[in-house]
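> when you get a sec, could you give me coordinates for this:
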Amino acid sequence: MRQPKIIRKPNAAELINRSTKIKVDISPQEHMSDYHIKDDSKKLKKFVKNIKKLMRSSYEYRQFNKFLKEHSGMGLCGNHPNITWGDGFSIEIHHYPLTAEDIVYTVIYKRIEMNECLKMTSILDELIMLHYIGLIGLYPYCTTCHQHDSSVENDDFIALDALYGSPEKFFELYGTFMTEDLQSKLKTYFKADEAYQIIDNNIDEKVVKNWIYIEDDGVEYISMSKIANLVEDIYNRYK
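Below is the predicted model of the structure:
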């Protein structure tokens, strides 16, 4: 049988003799440079990825998403309104026209420029605050639509008045801290939205795309025959 290891409580004199005193500055300034993270693209990319993960898993962000679905009309897919959160479908909140990554980078650059703390928790607090006060553009999607809209090949346009939040106010406050590419991206989007509004206000409702659904024993699905009949009717009416 092995002799058990006896652990005894050290006395106060032993603790004093073993201890070592060091001086540490824990003021916020010590967290500002964060090892010159902006100059290391690889480290910065990993830093941004970790903050995004932390934000999406946070209690505050999950509660915010729940609020949007329950009280802000975002409990259904923006493309397919018959797919709803209340019916048990997964509805995901899409960041647009700026991606979540764009927003994290911008907040980091702003904090570096303003000589503010770069601790993850401090950055997270600011990101959550921006969502809560409505400065971030958001749009609801079902899982399939969100996967498509987040793909590199996608170039879908979502009108500004269809979004929750105010990307233009975010640009007004944070635009100077964005990269030139990101500034150009937002300016192009705002111009495209102006053009869209002109078209939308003058287009004939008969040529606006609408989803057509029929209901059979409580099951909804897209009716190809109804669509075919509509197309034929429009063709006969305007040929």
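
> ok, longest helix in the chain?
helix 180-202 (DSSP state H).

> pLDDT of it, averaged?
The pLDDT scores in helix 180-202 average 87.

> and it, what does it pack onto?
Packing partners of helix 180-202 (3 or more Cβ pairs under 8 Å, 6 or more residues apart in numbering; DSSP states H and E): helix 100-113, helix 167-174. Using the backbone N, CA and C atoms, a C-beta is placed for each residue, glycine as well.

> so which residues make contact with the longest one?
I take that to be helix 100-113. With contact meaning Cβ atoms under 8 Å, 6 or more residues apart in numbering, helix 100-113 is reached by 37-38, 44, 47-48, 51-52, 55-56, 95, 98, 116-118, 122-123, 126-127, 130, 136, 170, 174, 177-179, 182, 185.

> so it versus helix 167-174, what angle?
Here the directions of helix 100-113 and helix 167-174 differ by 20 degrees (axes from the mean of the first three to the mean of the last three Cα atoms, to 10 degrees).

> give me the angle between helix 100-113 and helix 180-202.
Helix 100-113 and helix 180-202 are oriented at 130 degrees to each other (the same axes, to 10 degrees).

> lowest average confidence, helix or strand, in this protein?
strand 219-222 (a mean of 49; mean pLDDT, DSSP states H and E).

> pLDDT averaged over the helix or strand containing H94, what's the number?
Using DSSP states H and E, H94 sits within strand 91-95. Per-residue pLDDT values over strand 91-95 give a mean of 94.

> re earlier: just name the most buried of the helices and strands packed on helix 180-202.
Neighbour counts (mean count of other Cβ atoms under 10 Å) averaged over each of those peak at helix 100-113, with a mean of 19.

> tell me how many other residues surround K49.
If you count neighbours by other Cβ atoms under 10 Å, K49 ends up with 12.

> the one 4 residues further on now?
Burial measure for K53: 10 neighbouring residues, criterion other Cβ under 10 Å.

> output the helices and strands packed on helix 180-202 as a markdown table; include the columns distance to Y141.
Output for the helices and strands packed on helix 180-202, formatted as a markdown table (distance: least, Cβ to Cβ, whole Å):
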| stretch | distance to Y141 |
| --- | --- |
| helix 100-113 | 14 |
| helix 167-174 | 17 |
